[in-house]
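Asker: structure for the following, please:
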Amino acid sequence: MPVALTGAFGIKLPEEIEIERLFEIQEKIMTTSSKFIEESKKANGKLQKSLPKKGGELQFARAFMYYQLHLHQEETGEKITFVDKGNITASWNKRDKKEESFGGLNDADKKRALVVKTCEEYVLKMSALLEANASRKELKITPRQLYEACTSKLPWFGVDDSDEGKVKTFQLLLAILMEDCWVVFNNEEGQSNVLPYGEGVPQYDEDLGVEHPIWKN
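Answerer: Alright, predicted model coming up:
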């Protein structure tokens, strides 16, 4: 009489699986997963070596890298997550306007996603006020406006009211947005503005023809 397994690794299987078949599956997965891990380590090593060392260059390179992986996810549906050292964990997920869609994220990623969502909603609200065919540069949205939008909507954002705390929160906000492929630039009046990458925004590459997903709304 063949021996079968009804559960494994904390789950109950919907049907019994014979031991011989389990050994076949285990051997195959061990081989393919080991190969996947080894290839991933090599690819990650090459990717890390390609990143510049300077602060500003590194920030831009990471933001561009996340965006390229996001485009891949949009095309294939595959989820790709990066975890960085420090206060920010960068994760591209299918965009959903409902907060419950962030349920699978850890606390740091959820807060990051809510910051981006709040800023996106502010941009879309202001964009709706533009005249037809107006350039997106006419939005003239400042980092300060987005900071205040997050402060008013997210109770945990900017709780450190000291001067040093405000500076750190402000810097973190800009870092989050840049990793999400937003562009910080000076408008014609010399005022600092920030917008998601796309047509009408400085540094936009018309030949590449890709835009931040917010502009699809």
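Asker: stretch 23-33: how far from the chain's middle?
Answerer: 32 Å (CA atoms, centre = their mean, to the nearest Å).
Asker: hey, C-alpha coordinates of that stretch in CSV?
Answerer: Only the C-alpha atoms of stretch 23-33 are listed here, as CSV (Å, rounded to 0.1, in the frame of the first residue of the first chain):
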residue,chain,number,x,y,z
PHE,A,23,10.5,13.1,-3.8
GLU,A,24,10.3,13.8,-7.5
ILE,A,25,8.8,17.3,-6.8
GLN,A,26,11.3,18.0,-4.0
GLU,A,27,14.3,17.0,-6.2
LYS,A,28,13.1,19.2,-9.1
ILE,A,29,12.4,22.2,-7.0
MET,A,30,15.7,22.0,-5.1
THR,A,31,17.5,22.0,-8.5
THR,A,32,15.6,24.8,-10.0
SER,A,33,15.4,27.0,-6.9
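Asker: okay, buried residues for it please.
Answerer: Within stretch 23-33, no residue is scored as buried using 16 or more other CB atoms under 10 Å. The C-beta positions use only the backbone N, C-alpha and C, and glycine is treated the same way.
Asker: what's in contact with it?
Answerer: The contact list for stretch 23-33 (CB atoms under 8 Å, 6 or more residues apart in numbering) reads Ile17.
Asker: for Asp160, which non-adjacent residue is spatially closest?
Answerer: Thr169 (6.7 Å; CB to CB, 6 or more residues apart in numbering).
Asker: okay, now that neighbour: neighbour count?
Answerer: By other CB atoms under 10 Å, 18 other residues sit near Thr169.
Asker: same check, this time on Tyr67
Answerer: Tyr67 is flanked by 18 other residues according to other CB under 10 Å.
Asker: against Asn187, how distant is it?
Answerer: Going from Tyr67 to Asn187 by CB to CB, to the nearest Å gives 23 Å.
Asker: picking that back up, just the element for the residue nearest to Asp160, please.
Answerer: Element membership for Thr169, per DSSP states H and E: helix 163-179.
Asker: could I get the buried residue list for that helix?
Answerer: In helix 163-179, counting by 16+ other CB under 10 Å, buried: 169, 172-179.
Asker: can you list contacts of stretch 186-194?
Answerer: 137, 139-143, 146, 174, 177, 182-185.
Asker: of the residues you listed, which is the most crowded?
Answerer: Scoring these on neighbours with other CB under 10 Å, the highest-scoring entry is Trp182 at 25 neighbours.
Asker: distance of it from Pro213?
Answerer: According to CB to CB, Trp182 stands 12 Å off from Pro213.
Asker: with Ala134 instead?
Answerer: As judged by CB to CB, Ala134 and Pro213 stand 21 Å apart.
Asker: how about His72?
Answerer: Distance, His72 to Pro213, by CB to CB: 13 Å.
Asker: which one of those two has more residues nearby?
Answerer: The neighbour comparison of His72 against Pro213 (other CB under 10 Å) goes to Pro213, with 19 against 13.
Asker: quick check: phi and psi at that one.
Answerer: As for Pro213, its main-chain torsions (degrees, to the nearest 10) stand at phi -60, psi -20.
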